[in-house]
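Peer 1: Structure for this input, please:
(one chain, ligands or ions: 1)
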Amino acid sequence: KKVRLAGISGSLRRNSHNTAILQTLQERLAADVALSLLPLAELPLYNPDLESPELPAPVAVFKQALQAADGIVLCSPEYNAGTSGVLKNALDWASRPANASPLKGKHVLIISSSPAFTGGARAHAQLRETLASTLSRVVVHPPVVVAGVHEKIKEGRLVDESNVQFALGAIAALVAELRP
Ligand code: FNR
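Peer 2: Have a look, this model is predicted:
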């Protein structure tokens, strides 16, 4: 059976490095694994008042896509030593209701990237903490961080082969957790 993964880029930027990484992985995955990118641009800022009587349509679509996915791949930039507000906002929407959310029990791979040599490691760590709070399962794998990312993206694709292979290995670890 095909494994269906949801990919979420933490950047809305047209030429986002993080979106480019996900697009590269999407093309390089094994034939029995599919990665669909979920757009965040239409999600409003989280406000509990908007959860009833019914969710805003883009939020409902987003949460249904997460619910239907076998696993999730996040690719985050680092903004001021944390993840982007865009991604945190999306995770906050997805995390409700706390004990029956689409994130609960879901296997999630975290990838971060940055032009800096730290590769967004602090955003990575912050996401791990946030995901623990949502009762999701962070994939057991050494952290996938892409450092110096601005020099590794060419024409919208990640061209550093060792980074690509390391990230594909992490996705293979995610898939192995889903198919024990
Ligand atoms: C940054 N950037 C950044 N990088 C980093 O390694 N650590 C940081 O704390 C920050 N902080 C930060 C704050 C703000 C407001 C901006 C705009 C940028 C640089 C950031 O990683 C870089 O712009 C990435 O390329 C953004 O990701 P996308 O849009 O290419 O996916």
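Peer 1: Let's verify the residue positioned nearest the centre of the chain: helix, strand, or coil?
Peer 2: For the chain, the residue nearest the mean C-alpha position is residue 74 (1.2 Å; Cα atoms, centre = their mean). State at residue 74, reduced to three classes by DSSP: H, G, I helix; E, B strand; the rest coil: strand.
Peer 1: how close does residue 101 sit to the ligand?
Peer 2: 25 Å (Cβ to the nearest ligand atom, to the nearest Å). C-beta: built from backbone N, CA, C; applies to glycine.
Peer 1: residues near that residue, how many?
Peer 2: Neighbour count of residue 101, defined by other Cβ atoms under 10 Å: 20.
Peer 1: Now do the contacts for it.
Peer 2: 94, 95, 134, 135 (Cβ atoms under 8 Å, 6 or more residues apart in numbering).
Peer 1: again, only this time at 7 Å
Peer 2: 94, 95, 134 (Cβ atoms under 7 Å, 6 or more residues apart in numbering).
Peer 1: thinking again about what came up before, I'd guessed the residue nearest to the centre of the chain sits against residue 110; true?
Peer 2: Yes. If you go by Cβ atoms under 7 Å, residue 74 and residue 110 touch, sitting 5.2 Å apart.
Peer 1: Can you check which residues contact both of those two?
Peer 2: Joint contacts of residue 74 and residue 110 (Cβ under 7 Å, 6+ apart) are residue 127.
Peer 1: pLDDT at the residue of the chain most remote from its centre, what is it?
Peer 2: Among residues of the chain, the one most distant from the C-alpha centroid is residue 53; the distance is 28.4 Å, by Cα atoms, centre = their mean. Note for residue 53: predicted pLDDT of 96.
Peer 1: distance of it from the ligand?
Peer 2: On the measure of Cβ to the nearest ligand atom, residue 53 and the ligand end up 35 Å apart.
Peer 1: residues of stretch 84-95 that come out buried?
Peer 2: 84, 86, 87, 88, 89, 90, 91, 92, 93, 94, 95 (16 or more other Cβ atoms under 10 Å).
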